[in-house]
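# Can you look at this prediction? I've put the sequence above it.
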Amino acid sequence: MGMRMMNLAVHMGLSNKTLYNHFPGGKREIWQQCIERRLNRFADRLLSLVDDTDGDYVDRGRDILNIGREAVDVFYGSDGLITSNEESSIFFPELKSRYVRALTRFFGEGVSKGYLRSDLPVRSLAEVLMVLIAEWGDRDSTLSEGEVKSLPEFVEKVMFAGMLTETGLKDSLRITEGREA
């Protein structure tokens, strides 16, 4: 955080005092609010897809995976906004709670539509996915050193392989075909 609050205030056309009145925690508070805003945007996009139960389930699943890819890159990528485990622990609990609820609903819909196996514990799957996201985001994690190099690749190759019904497997080809198109 190389920018000084005084420079930021001048750039925004505010006095330093006014900026500190709005952000008493200084740059750290501004940074936290920026991340929270980004988290909320991702959550809103995810919830919009989950709530669109009239939309094609497989297409929505692909879009949810793409949101996941984008979020992991924005927050944990090489130029990501979250650079330490301490920072992750600030934001992850709220993110996890919201995403687990949304993914549980989405997986439940997949079971009811015959795309996912009916014996799956959908809430547990949502929890596992969020733990994997946190672990993959941990810069000290060794997960990306294995045969599967990224979280989206793991979700597609490992998790979905065991979750999908025959119908889900057949229709999931559209996810792969859609990415190559």
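Yep, it's here.
# Give the burial count for residue 103, as a bare number.
22 (other C-beta atoms under 10 Å). C-betas here are computed from N, CA, C, even on glycine.
# hmm, I was thinking of residue 49
For residue 49, the count of nearby residues is 19 (other C-beta under 10 Å).
# OK, contacts around it?
55, 60, 63-64, 67, 106 (C-beta atoms under 8 Å, 6 or more residues apart in numbering).
# In JSON lines: those residues, plus secondary structure.
Converted to JSON lines, the contacts of residue 49 look like this (DSSP: H, G, I helix; E, B strand; the rest coil):
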{"residue": "55", "secondary structure": "coil"}
{"residue": "60", "secondary structure": "helix"}
{"residue": "63", "secondary structure": "helix"}
{"residue": "64", "secondary structure": "helix"}
{"residue": "67", "secondary structure": "helix"}
{"residue": "106", "secondary structure": "helix"}
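# Please produce a PyMOL select command covering the buried subset of those residues.
Typed into PyMOL, the line below selects the buried ones among the contacts of residue 49, using 16 or more other C-beta atoms under 10 Å:
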select buried, resi 60+63+64+67+106
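# ok, the contacts of residue 49 vs residue 132, which is closest?
When the contacts of residue 49 are compared for distance to residue 132 (C-beta to C-beta), residue 64 comes out closest, at 14.5 Å.
# Please report how far the closest one lies from residue 24.
Using C-beta to C-beta, to the nearest Å, we find residue 64 at a distance of 37 Å from residue 24.
# now for the contacts of residue 49, which pair is the farthest apart?
Put simply, by C-beta to C-beta the two of the contacts of residue 49 set farthest apart are 55 and 67, 14.1 Å from each other.
# hang on, the earlier thing: could I get the contacts of residue 49 as JSON lines with distance to residue 49 and pLDDT?
What follows is the contacts of residue 49, written out as JSON lines (distance: C-beta to C-beta, whole Å; pLDDT from 0 to 100):
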{"residue": "55", "distance to residue 49": "7", "pLDDT": "89"}
{"residue": "60", "distance to residue 49": "5", "pLDDT": "89"}
{"residue": "63", "distance to residue 49": "5", "pLDDT": "86"}
{"residue": "64", "distance to residue 49": "6", "pLDDT": "83"}
{"residue": "67", "distance to residue 49": "7", "pLDDT": "82"}
{"residue": "106", "distance to residue 49": "8", "pLDDT": "93"}
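# Residue 154: which of the contacts of residue 49 is nearest?
Nearest to residue 154 among the contacts of residue 49 is residue 64, at 15.0 Å by C-beta to C-beta.
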